[in-house]
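S.K.: Sequence and predicted model, in that order:
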Amino acid sequence: MTTTSEVVRPLDAASDVPPVKRPRKSKHRASWEEPATPVGLFFKGVALTIVAGAVLIPLYSIILTSISSKTTISEAGGMVFVPGEITFEAYSQLISGGVVGRAALVSVGITVVGTLISTIVSAMAAYGLSRPNTLWHRPILFIFLITMFFGAGLIPTYLWISNLGLINSYWALILPGAVSAFNVLIMRNFFMGIDAGITEAARIDGASDYRILGQIVMPISRAVTAVIALFYGVGYWNAFFNAVLYIRDTEKWPLQMVLRSYVLQGQPIPGSAGTSVDAATGDIASLAVKMAVMVLALIPVVIVYPFVQRNFTKGVIFGAIKG
C-alpha cells in the first residue's frame, strides 16, 4: 500500500513513448531470415546484375545477329553487339524453305499432345500414390523411386521401341519419356497436403475416384499442375535425342533436330532458298540464319513461361515439403 509521504513523480513526455525495438539477431532464426543490411543488399544487387547480364547479353547478341545484314556481320567479325543494317532476310529464307516451318509444327504437335498425356497420367499416378490405403501402394511407390536412380539403358530401350513398332513414328518421341517419377512425386506430395475430409465427404456422397480427382483435387492443385505441365512442355520442346535414335524420315524431324543438325553440325537446311543458308560454304551470312533458328526455338518457351511463373514457386516448394 502507498502512504501519503510517498511522492508520485509525473511521467516525462519522452517516457510516454514506448521504446523502439530494434531487430536483433536471434539464435533461433536462420541467417536468411534476418533483416537485410545495406551491405548485403548491395552485394545481392551486384550478384543479380551479373546473373541477369550473363543471360540477357548473349540473348541480345543472338537476336541482333539474326536480324543483321551480311555487311554488319562481316564488320563485326561474327556475333553482332552494335546495331547496324537491319534485315529479316534470314527469317524469310527459313520460312520460304519450308523445312523449319514443318519442323516447328512437328515440335508444337509433339509438345501439346505429349504434355497433355504426361500431365494426365502423372496426376492419376500421383493421386493413387497419395492415398495410403490403395492397392500395392508402397511397392509401386518404391518402383517409382528406383527409376529415379536406375535406368534400363540405351540398347534395351531401343529394342523395346523397335518391338513396339514405333521406329520412325511420332509416338517414339512421346511415349519413352511420358512419365517422370520426379514430377509424380511432386504432385503426390501436393495431393497429400489436401484435407482428407474433402475427399471423404465426396466419397460418402457417391463420387468415384475419377470424379474426385477431376472435379475436386485438380482444381485445388492448379499451381502444381501448371508447373508440372511446364516441366513436361519444356522437356518435349527441347528434346532431340529420341529423334536421333528413332526417326529416319527427315520430314518428321522436330525443330530441335533441325537446330542440332544445322547450327551444331553445320549441315545445310534442305529446301531453303539462297546459298547463304548453306553453312558448309563458309558464308558468314549463314551465321544470321543459325541465330534465327535459335530464336525460333526460344520463342514458345519465352511466351509460355510468364503465364506459369507466378505458380512456379508455390507449386514446386509446397509440393516438395508436404507429406
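M.R.: Noted; the coordinates are in hand.

S.K.: which ones are touching Lys252?
M.R.: Going by CB atoms under 8 Å, 6 or more residues apart in numbering, Lys252 touches 106, 168, 170, 243. Glycine gets a C-beta too; all of them are placed from N, C-alpha and C.

S.K.: Local confidence estimate at it?
M.R.: We have a pLDDT of 88 for Lys252.

S.K.: what do you get for the one 3 residues further on?
M.R.: In this prediction, Leu255 carries a pLDDT score of 86.

S.K.: can you give me the helices for the stretch 151-300 of the chain?
M.R.: 154-163, 181-192, 196-204, 209-212, 218-220, 222-238, 241-246, 255-259, 286-321 (DSSP state H, counting those that start in this stretch).

S.K.: Using JSON lines, please lay out these together with distance to Leu64 and mean neighbour count.
M.R.: Output for the helices of the stretch 151-300 of the chain, formatted as JSON lines (distance: least, CB to CB, whole Å; neighbours: other CB atoms under 10 Å):
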{"stretch": "helix 154-163", "distance to Leu64": "39", "mean neighbour count": "12"}
{"stretch": "helix 181-192", "distance to Leu64": "36", "mean neighbour count": "22"}
{"stretch": "helix 196-204", "distance to Leu64": "53", "mean neighbour count": "13"}
{"stretch": "helix 209-212", "distance to Leu64": "51", "mean neighbour count": "15"}
{"stretch": "helix 218-220", "distance to Leu64": "43", "mean neighbour count": "14"}
{"stretch": "helix 222-238", "distance to Leu64": "23", "mean neighbour count": "21"}
{"stretch": "helix 241-246", "distance to Leu64": "30", "mean neighbour count": "18"}
{"stretch": "helix 255-259", "distance to Leu64": "19", "mean neighbour count": "23"}
{"stretch": "helix 286-321", "distance to Leu64": "8", "mean neighbour count": "17"}
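
S.K.: Where among these is average confidence lowest?
M.R.: Among the helices of the stretch 151-300 of the chain, helix 286-321 scores lowest, at a mean of 72.

S.K.: Of all the helices of the stretch 151-300 of the chain, which one is nearest Tyr91?
M.R.: helix 286-321 (5.2 Å; CB to CB).

S.K.: and the next element down the chain from the one helix or strand Phe42 maps to?
M.R.: Counting by DSSP states H and E, the element that carries Phe42 is helix 38-66. Remark: after helix 38-66, the chain's next helix or strand is helix 70-76, criterion DSSP H and E.

S.K.: So which bits of that following helix are buried?
M.R.: 70, 72-73, 76 (16 or more other CB atoms under 10 Å).

S.K.: Quickly note the distance from the nearest residue to Ile110 once chain neighbours are set aside to Ile228.
M.R.: Counting by CB to CB, 6 or more residues apart in numbering, Leu173 is the residue found nearest to Ile110 once chain neighbours are left out, at 5.2 Å. Separation of Leu173 from Ile228 (CB to CB, to the nearest Å) stands at 19 Å.

S.K.: and the nearest residue to Arg188 once chain neighbours are set aside, how far is that from Thr134?
M.R.: Spatial nearest neighbour of Arg188, chain neighbours left out: Ala126 (4.1 Å); criterion: CB to CB, 6+ apart. As judged by CB to CB, Ala126 and Thr134 stand 12 Å apart.

S.K.: Could you check which of the two is surrounded by more residues?
M.R.: Neighbours were counted for Ala126 and for Thr134 using other CB atoms under 10 Å; Ala126 has more, 27 against 14.

S.K.: For the more buried one, give me its contacts.
M.R.: Here Ala126 is in contact with 184-188, 190-191 (CB under 8 Å, 6+ apart).

S.K.: nearest to Thr65, of the residues you listed?
M.R.: Nearest to Thr65 among the contacts of Ala126, with distances taken as CB to CB, is Ile186, at 38.1 Å.

S.K.: State the distance from that closest one to Phe149.
M.R.: The gap separating Ile186 from Phe149 is 17 Å, by CB to CB.

S.K.: Surely Ala104 and Leu255 touch.
M.R.: Yes: with contacts counted by CB atoms under 8 Å, Ala104 reaches Leu255, the gap being 5.0 Å.

S.K.: anything in contact with each of the two?
M.R.: Both Ala104 and Leu255 are in contact with Leu296, where contact means CB under 8 Å, 6+ apart.

S.K.: any idea what sits nearest the most centrally placed residue in the chain, other than its immediate chain neighbours?
M.R.: What sits nearest the mean C-alpha location of the chain, by CA atoms, centre = their mean, is Phe231, with 4.4 Å. Leaving out its chain neighbours, the residue that sits closest to Phe231 by CB to CB, 6+ apart is Asn183, at 5.8 Å.

S.K.: and what of Ser118?
M.R.: Spatial nearest neighbour of Ser118, chain neighbours left out: Tyr232 (4.3 Å); criterion: CB to CB, 6+ apart.
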